[in-house]
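# Give me a model of this one.
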Amino acid sequence: MIFATLEHILTHLSFSIVSIVMAIHLMILLVHEIIGLRHSSEKGMLAAFFSLTGLLVIRWISSRHFPLSNLYESLIFLSWSFSIIHMVSKLWNHTNDLSTITAPSAIFTQGFATSGLSSKMHQSAILVPALQSQWLMMHVSMMLLSYAALLCGSLLSVAFLVITFRKNIDIFFRSKNFLILIKSFFFGKIEYLNEKRRAFNNTSFLSFQNYYKYQLIQRLDYWSYRVISLGFTFLTIGILSGAVWANEAWGSYWNWDPKETWAFITWTIFAIYSHTRTNQSLHGTNSALVASIGFLIIWICYFGINLLGIGLHSYGSFT
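Residues are numbered from 1 along each chain as shown. Got it, this is the predicted structure:
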């Protein structure tokens, strides 16, 4: 009874804290001068991390097994993974590029786990025989950490594509031929307006704006590569440990189960991404496109298979 009460309190406490943190981040994005809110958001994310950690520990003690036996527990662990990525990233990077992704990801994941799943799925059950192994903690935790890191890195790549696309549109509308066409159509004074265009393009505001966009694009590309590389390492470890566990539980290292198949597809996509990063001509947009495809593949692997409830991993489904 005590453990259930503590779990209930920590669940709602962590959800409330992360909600406040996300609201603060939105305010910071709108008003960059609010420095005090930035420090408050970091303290709030730290409090949410400890609340989620306490929730997992209490659930571990009460159920007497690592809390990764069903979809609800895996979603809570995924939310905890987003929060720990947020904490680690702040040690490396003092900008808000990654934190604007990790905080909303944590609240949406935990919000769906708390409100989107039935109350029966919140209850901890006795582990099925296939899960009664020391490989549970190693395999599932590595897979969920890899999902969290790959999702964050992929979202950074999506942001990279959006900003690059908008920048290319701006360049197109500022191109010489387009401006001449518009000016000749409306005014017919091409030489005069060309002088105005040169003066306008040389203003310090536009130079600063272009330089800021360039810096932002470079940061997004840099951190998406770093986070995806970390997630790809976790994914590789998770698949290898899962193969060893499968051999112990089912007598075969690989069974082409739907979850295993999509995990292999996910690993292949991000292996292709890693290859594009080694080729100088494929940097930037090409690698970001591959990572964006990987974002969809991850959700199919993690969540889509659970919707079907088929295969050897059906114990993590909705049914």
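# would you list every one of the strands in this protein?
Counting by DSSP state E, the chain yields no residue ranges for strands.
# tell me the phi and psi of Leu68?
Here is the backbone geometry of Leu68 (degrees, to the nearest 10): phi -140, psi 40.
# so what's it scoring on pLDDT?
The predicted structure scores Leu68 at 82 on the pLDDT scale.
# Can you report how many residues neighbour the closest residue to Phe234 other than its chain neighbours?
In space, not counting the residues next to it along the chain, Phe234 is nearest to Ser146; the distance is 3.5 Å by C-beta to C-beta, 6 or more residues apart in numbering. C-beta here means a position set from N, CA and C on the backbone, and glycine is covered the same way. Counted with other C-beta atoms under 10 Å, the burial measure for Ser146 works out to 28 neighbours.
# Leu307 too?
By other C-beta under 10 Å, 11 other residues sit near Leu307.
# and if you look at Met87?
Using other C-beta under 10 Å as the criterion, the residues surrounding Met87 number 15.
# okay, it: pLDDT?
According to the prediction, Met87 has pLDDT 80.
# now the one 4 residues further on
Leu91 is assigned a pLDDT of 71 by the prediction.
# any idea how far Leu52 is from it?
When C-beta to C-beta, to the nearest Å is applied, the distance between Leu91 and Leu52 equals 18 Å.
# which one of those two has more residues nearby?
Here Leu91 and Leu52 are compared on neighbour count by other C-beta under 10 Å; more neighbours surround Leu52, at 27 against 7.
# Surely the residue nearest to Phe234 and Leu235 touch.
Yes: under the criterion of C-beta atoms under 8 Å, Ser146 makes contact with Leu235 at 3.8 Å.
# neighbours around Val140, how many?
For Val140, the count of nearby residues is 23 (other C-beta under 10 Å).
# quick one, what contacts it?
Taking C-beta atoms under 8 Å, 6 or more residues apart in numbering, we find Val140 in contact with 66, 68, 74, 77, 238.
# what separates it from Arg59, distance-wise?
The separation that Val140 has from Arg59, given C-beta to C-beta, amounts to 14 Å.
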